[in-house]
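J.: predicted model and sequence follow; I will ask about them next.
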Amino acid sequence: MTRYFITFEGGEGSGKTTQIARLANHLRAEGQEVVTTREPGGSPGANALRHVILSGAAERLGVEVEAMLFAAARADHVDTLIRPALEAGKIVLCDRFHDSTRVYQFLDSDLDPGTMDALERAALGDLLPNLTIILDVPASIGVERARQRRSDHSPDRFEKEDEALHERRRQAFLKLAEDMPERCVVVDGTQDEETVAEEIGALVDDRLGAARLEALGQSLGAGKTGR
Ligand code: Z5A
């Protein structure tokens with residue numbers, strides 16, 4: 001059993017939901033226990049907040065309150081679903097996580113970065129993803145994909161925003177990857193679905209192999225010192 005936490009990030013329509021489903025199938029076929037989830041939401045408490053946030057009901061309260069609501073939803077999600085699944089040795093795949101708050105709430109806002117750090121500490125404690133896959137597509141492609149898929153419902157609070165802002169967010173995700181190359185890997189989401197899935201499957205197999213070797217090394221080391 002390999003306890004491992006993978007988050008997927010990127011703009012809307014970048015293919016996160018599609019690729020999480022494909023990666024879950026790939027890992028389950030290898031015999032792994034996998035939990036898939038998403039933010040905002042993923043637990044009953046967080047799902048109640050998802051509706052408040054995406055309907056736009058909280059928008060007039062300002063970006064700081066919205067950031068707090070995302071953090072409150074995340075704290076419930078981490079405590080009731082993510083941490084228990086990891087402690088049970090499962091692999092958790094999560095559609096968006098704390099990097100989305102960094103990009104969506106803190107980019108272009110005059111919020112104090114100290115607020116962001118405090119909210120992250122409160123929601124995450126010492127939990128960080130082992131791997132973050134950033135699906136990169138130009139905003140024009142992502143927005144168009146989301147628009148086509150949406151034919152039967154009106155755009156939510158974030159889908160209404162203009163393409164230039166979505167493009168700035170894309171650049172902010174790329175900057176996160178540049179700043180944290182160990183944790184964040186950028187995958188070209190403009191490739192066809194199958195090619196993206198193969199690239200992600202190979203990347204995750206590699207990382208899981210390395211994590212198992214490291215865990216084995218640690219247990220052998222502990223065995224030696226325990227003698
Ligand atoms: N938000 C925030 O502000 N702060 C936070 O802390 C968090 C979130 C956690 C949640 O929206 C919103 O909350 C989000 C940020 C904000 N808003 N925005 N923008 P959501 O959960 O409703 O949706 P989303 O996260 O933005 O994802 P999405 O729009 O559902 O897209 P996706 O999951 O990345 O893509 P998809 O559903 O897999 O694919 C979209 C379409 O493209 C679909 O028809 C696919 O069949 C198609 N597709 C997928 N892959 C391909 C390829 N490779 N080629 C062609 N077509 C493809």
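T.: Arrived safely.

J.: tell me the spacing between Tyr4 and Thr190.
T.: Look at Tyr4 and Thr190: by Cβ to Cβ, to the nearest Å, they are 27 Å apart. C-beta here means a position set from N, CA and C on the backbone, and glycine is covered the same way.

J.: likewise for Gln171?
T.: 16 Å.

J.: neighbour count winner among Tyr4 and Thr190?
T.: Tyr4 (22 against 14; other Cβ atoms under 10 Å).

J.: count the neighbours of the spatially closest residue to the more buried one that is not a sequence neighbour for me.
T.: Excluding the flanking residues, the one nearest Tyr4 by Cβ to Cβ, 6 or more residues apart in numbering is Ile91, at 4.7 Å. Here the count is done by other Cβ under 10 Å, and Ile91 has 24 residues near it.

J.: check Ile91 and give its pLDDT.
T.: Turning to Ile91, the model gives it a pLDDT of 98.

J.: please name the bridge partners of it.
T.: Ile91 has these beta-bridge partners by DSSP bridges: Tyr4, Val34.

J.: now Gln105: closest residue in space that isn't a chain neighbour?
T.: Gln105 sits nearest to Ala67 (Cβ to Cβ, 6+ apart), 4.1 Å away.

J.: is the helix or strand hosting the one you found in proximity to the ligand?
T.: If you go by DSSP states H and E, Ala67 is part of helix 63-77. Yes - using Cβ under 6 Å from any ligand atom, helix 63-77 comes into contact with the ligand via Phe70.
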